[in-house]
Every structure is written in C-alpha cells, then in structure tokens.
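S.K.: Quick one, what's the 3D model for this:
(4 chains)
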2 protein chains.
Amino acid sequence: MFVEIVLIGIIVSTHRWKICYIRLAHNIMAGGRKLEFNKQQALEAAMHVFWKKGFLGASLADLTEGMGINKPSLYAAFGNKESLFVQATEHYLNTYAKPKNEHLYHTGTPLRERLRNYLLAILSGQCDEDNPKGCYVSLCVAEAAGETMPAQAQNTISQAGNYAQALLTEFLQTDDEAKALQLDQEAESIALFLVTTVNGTAAMARAGKGYAELETVIDRALTGIGLPADTRPPVSDQDRC
Amino acid sequence: MFVEIVLIGIIVSTHRWKICYIRLAHNIMAGGRKLEFNKQQALEAAMHVFWKKGFLGASLADLTEGMGINKPSLYAAFGNKESLFVQATEHYLNTYAKPKNEHLYHTGTPLRERLRNYLLAILSGQCDEDNPKGCYVSLCVAEAAGETMPAQAQNTISQAGNYAQALLTEFLQTDDEAKALQLDQEAESIALFLVTTVNGTAAMARAGKGYAELETVIDRALTGIGLPADTRPPVSDQDRC
DNA sequence: CGAATATTGTACCGATCGGTATGTTTGTAG
DNA sequence: CTACAAACATACCGATCGGTACAATATTCG
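M.R.: Predicted coordinates:
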C-alpha cells in the first residue's frame, strides 16, 4: 500500500498563487467492476434515439431504455444529456454521413453518375427501414433554430449542418470534370441546390415517402443543375422519362 | 328571476338507466366579464410560438407569454395545448399557406411564371424576418414522426403535410398549359419534386439561409421539371445564368 | 483473504411540465 | 342595490424532466 498525489485540476487566478485540487490515492493500481455494456453500441443506440426524437423529444427515460443502461451509468460514461448528444452527433457524422462522400471521388466514374450515386446513397440512408426515417442533422438543425437546445449542442449541430454544403462546394470547384462543364463557376449555388434537395428528401422520407418515389426527385435535381439523364454522349446506363 | 333546467351531458351506459348531468340556472340571461384579449390575435401569437419551437418545444409558459394571457384564460378559450395546436395549425393553413395557391391560377400568366411566383411566394414566407424562419408544417411533420405528439395533433399535422402535394398534383393534371406540355403525364412525380424542393428551402431558411441565395434554388428546380428560364419563346422577362 | 476502486440499481432531488381549483374582479340583468 | 355569470390572477396539483447520493456488487491488487 502506498500513497501518491495526483494533480487533477488548476484554477487559474489573477494572483500569484494558484489553487490546486489534488487527490490522495492509497492504491493507484486497483481495478474495479467492469463495464457491463459496450460503449460504442450504447452510443449508437443513443444516436438512434436522438435521430428519431430529436434532442428535446429524447428523454433520459427514452435514452436509457434504448441504450439498455441506467442513468448513473449513462452519466459516468457520457457526462450528461448534452454531452451525449454531441458525441452521438459526431458518431452519426463519422459513421453515416461522411462515408457517403466517397461516391464523389470514385475515379473512373462520370461526374453525373458520381453525384447521382452520392445523392442516392444519402437518400437510401434517409429511407432505410432499420434506422429512423430522414436525416439526423436536418431534424436537429430545425430543432436548434427554436432556441430550445443548450449552447454546446446547438453549436455542434450547427457545424454539422454546414458540413455538406461546404464539401460539395469544394468538390465542384476542384473536380476536373466539373470544371470542364463550368460547374465550378456556380459551385456555391449548385451545392446549395443539392443540399436543399437532400434536406427536402429528408423531410419527405420522414413524412413517410419511400425510396422508389424519391429516387425520381434525385434525377430531376440533376437535370436542374444541367446534368440530365440522357447527356450528350450516349454512355449513360439508363434513360428514364 | 326564474329557474331553468339545462341538459349538458349524458353518460352512455350498458344498462337500462342513463345518468344525466343537469345544471340548474336561476337567471339564464346574465352577462359576464368581457374578454380582455382578442381571440384571433391570441391564436396568431400561439401559431408563432409553435412555428418557432414546435409542439414539444412550446411550453405553456412560452405560449401564455407570447399570447399575453395566463393559463386559465388559455384553457377557457382554446381547450388545452393539443386543441390550441390544432387551431393554430388550421389558422396557419388558412392565413399563410392557402393564399399562396392563388399564384397558380392567375389567368393570363404563363405556366412557368405562375409556378415560379407560387414557389417564390412560399420561399418569401419561409425567409420573412417578421415570422419564424422555415415552414410551420414542415417543422411539425418532422417532429410528429418522432411519436412525441398527442394523437389529434399528429393527425392534423399529417393531413396538413399532404396538402401541398395533393394540390399540385391536381393542378398539374388539370391545367391546360401543363397538359399541353405533357406535364400531366408525370403530375405526381413533378408535384413530389416541387414539394420536396420547398421542404428543402424551408430547412435551409430555418438554418439561416436568406431569400436571395435560395431564389436560385427555385430556378434550378423549375429547370429540373423541364421549364428552364429561357424557354423556347423568348418572352421570358429575365434570363439568368 | 482484505483494501481499494469502479459500476450497478434504487431511491431521491429541485425544477418544470401540462392542467386545474379557487377566490376575486368585472360585467350584465332585474 | 342584489343576484348571477364570465374572465381574471394566484396558487396549487400529480407527473415527468434532467441530474445525483448512496449503498450494494463486482473486480483487481497486494
């Protein structure tokens, strides 16, 4: 048995002396009871609850039930509801949102097809039967505008809301094929239009529309930015309408 | 002074005898204190609160503060929160949503211009500085999908959500110019696309985008349904991009 | 085995939720 | 004036909100 002093915090003051919080530990090397749940799985479950009900609508009872743990475990593992929301949002972005960007950069595929695959992948996620309908970010951005959310949560979701448009703008400004088609001239406007479209399909999917119906929306959107289905070279794999 | 018996309710029972609630009134003709608020103005204010915060996010404290009355007055005038929401939703539809349909039926105006005016009128409402940003219905439909709303409120907002698409479909199927352009063949699909677009702009407006930016979205959407700005006859009043 | 540590379940906290009972005020009718 | 009715303001109700204190239970180390 030994004694050790661990510094765990400093209060910054304007005076010469600082106050330090210290902890006295009699036995630094000692285990404890093991976590009875998988933290990643619990975070995934929390994400699903927020995805379905939003920040306000997701009560701690909903969360703990969905995650299969109880409140003290939740607070020990994730801080509080706001912190859990921030982590769930980041998990959503990393796990669900960002992987879909790869469709944009798939070499050897024509621009229109890459954009179409990208948009359809997003749409597919919005209509997936295994997840809540619609888009996590779109839902929570709408909620955040009501000024009903704590500050950090609002900041996080606000950043997430700007992510897609910034990425698409950057993409359209730098992609060779996009430049050849002079889409880079209006990159911001086109990106805004596409992001508006997927926010629209998110709303429609959440309202109950299915993938098959909304697929036609994507094709009309591509027509809207000057990339109709039967473009000049007849190398298109399909031509509808 | 006289006495009168007024029947105000019957409890239906499975037995031969029914229990009736009666009220004894000594003086049927007697006034009372006057309402100190305008019911329509109060409903308008409630609508604004729901528009900004949604059903769940709008607490009774928010509502009574916005409406300038206190809780007992609210319950006397509108029933309860759910009933107030239903009435506020109907008020929104009658006052804000439906009047915009007139742009569609304006005789002597080309189809594209009518559609454009209709869509821009909606967009204008979504970006109006004097109202909460976005669309009341779009917000609450998204909220309703989380199953956090009472049954009647959910029904009302669900009906409201289907309204625009049904109207646009009917319009495209019957309008002469639309039929001449064969838009009636795909009326449902086109209506779905347009409704998706305005739901998208509602989300973007709520996220902070302004009218000027989103105006370009409307023009691209019209291009998406085969009505580009510079259509065959050069009678168009403007040609951008 | 204890001693120390971390997680668990339960039971509880103050605040706020939607909703209401109650007494006072303001109005009308006789 | 008195009798009555309707709306007002206050204060309160049980339920639920997010968040925690606490004791019991595992787990690791000496």
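S.K.: helix/strand/coil for the residue in chain A that DNA strand D sits nearest to?
M.R.: Nearest residue of chain A to DNA strand D, counting by CB to the nearest atom of the strand: residue A:31, 2.1 Å away. Glycine gets a C-beta too; all of them are placed from N, C-alpha and C. Under DSSP: H, G, I helix; E, B strand; the rest coil, residue A:31 falls in the coil class.
S.K.: Phi, psi for it please.
M.R.: phi -70, psi -160 (degrees, to the nearest 10).
S.K.: And it, how far from residue B:151?
M.R.: Remark: distance between residue A:31 and residue B:151 (CB to CB, to the nearest Å) = 51 Å.
S.K.: quick one: which of these two has more around it?
M.R.: Legend: neighbour count by other CB atoms under 10 Å in any protein chain shown for residue A:31 and residue B:151, higher for residue B:151 (8 against 5).
S.K.: Number of residues surrounding the residue nearest to residue A:109 when sequence neighbours are not counted?
M.R.: Nearest-residue entry for residue A:109: residue A:117, 7.5 Å, with adjacent residues in sequence omitted and distances by CB to CB, 6 or more residues apart in numbering or on different chains. Residue A:117 sits with 17 neighbouring residues when counted by other CB under 10 Å.
S.K.: For residue B:189, see how far away residue A:117 is.
M.R.: Taken as CB to CB, the span from residue A:117 to residue B:189 is 21 Å.
S.K.: try residue A:136
M.R.: Separation of residue A:136 from residue B:189 (CB to CB): 27 Å.
S.K.: Which residue of those two possesses the greater neighbour count?
M.R.: Between residue A:136 and residue B:189, residue A:136 has the larger neighbour count (other CB under 10 Å), namely 27 against 20.
S.K.: That one contacts residue A:92, correct?
M.R.: Yes - under the criterion of CB atoms under 8 Å, residue A:136 makes contact with residue A:92 at 4.8 Å.
S.K.: tell me, what's touching those two both at once?
M.R.: A:47, A:51 (CB atoms under 8 Å, 6 or more residues apart in numbering or on different chains).
S.K.: show me what contacts the residue nearest to residue A:196 when sequence neighbours are not counted?
M.R.: Of all residues not flanking residue A:196 in the chain, residue B:200 sits nearest, at 3.7 Å (CB to CB, 6+ apart). Counting by CB under 8 Å, 6+ apart, residue B:200 touches A:195, A:196, A:197, A:198, A:199, A:200, A:201, A:203, B:217.
S.K.: so where does the closest residue to the third one other than its chain neighbours fall, helix or strand?
M.R.: Which is residue A:197. Spatial nearest neighbour of residue A:197, chain neighbours left out: residue A:221 (4.4 Å); criterion: CB to CB, 6+ apart. Applying DSSP states H and E as the criterion places residue A:221 in helix A:211-224.
S.K.: Give me the mean pLDDT for that helix.
M.R.: Helix A:211-224 shows an average pLDDT of 98 in the prediction.
S.K.: now the helices for chain A?
M.R.: Taking DSSP state H, the helices of chain A run over residues A:39-57, A:60-67, A:71-78, A:81-92, A:111-127, A:136-144, A:151-174, A:176-180, A:187-206, A:211-224.
S.K.: Adding distance to residue B:49 as columns, could you present those helices in a markdown table?
M.R.: What follows is the helices of chain A, written out as a markdown table (distance: least, CB to CB, whole Å):
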| stretch | distance to residue B:49 |
| --- | --- |
| helix A:39-57 | 14 |
| helix A:60-67 | 24 |
| helix A:71-78 | 31 |
| helix A:81-92 | 24 |
| helix A:111-127 | 29 |
| helix A:136-144 | 15 |
| helix A:151-174 | 19 |
| helix A:176-180 | 44 |
| helix A:187-206 | 21 |
| helix A:211-224 | 32 |
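S.K.: Which of these sits closest to DNA strand C?
M.R.: Judged by CB to the nearest atom of the strand, the one of the helices of chain A that comes nearest to DNA strand C is helix A:71-78, at 3.1 Å.
S.K.: what's that closest one in contact with?
M.R.: Counting by CB under 8 Å, 6+ apart, helix A:71-78 makes contact with A:35, A:37, A:39, A:42-43, A:46, A:60, A:63-64, A:67, A:69, A:84, A:87, all of which sit outside it.
S.K.: Quick one: buried ones out of those residues?
M.R.: A:42, A:43, A:46, A:63, A:64, A:67, A:69, A:84, A:87 (16 or more other CB atoms under 10 Å in any protein chain shown).
S.K.: Mind picking the two most distant members of the residues you listed?
M.R.: A:64 and A:87 (15.5 Å; CB to CB).
S.K.: any chance of the contacts of residue B:200 in TSV, with distance to DNA strand D too?
M.R.: Shown next, in TSV, are those (distance: CB to the nearest atom of the strand, whole Å):
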residue	distance to DNA strand D
A:195	30
A:196	31
A:197	33
A:198	29
A:199	26
A:200	29
A:201	29
A:203	24
B:217	35
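S.K.: if we can go back for a sec, who's in contact with the residue nearest to residue A:109?
M.R.: Listed by CB under 8 Å, 6+ apart, the contact set of residue A:117 reads A:103, A:106, A:109.
S.K.: What about the last one, how many residues nearby?
M.R.: If I follow you right, that is residue A:109. Around residue A:109 sit 15 other residues, with neighbours defined as other CB under 10 Å.
S.K.: Tell me the confidence at the closest residue to residue A:122 other than its chain neighbours?
M.R.: Counting by CB to CB, 6+ apart, residue A:122 lies nearest to residue A:198, which is 5.2 Å off, once chain neighbours are set aside. On pLDDT, residue A:198 comes in at 98.
S.K.: what's the spacing between residue A:198 and residue A:170?
M.R.: Relative to residue A:170, residue A:198 is positioned 17 Å away (CB to CB).
S.K.: Of those two, which one has the most company?
M.R.: residue A:198 (26 against 12).
S.K.: Does the more buried one touch residue A:164 like I think?
M.R.: Yes - judged on CB under 8 Å, residue A:198 makes contact with residue A:164 at a distance of 7.3 Å.
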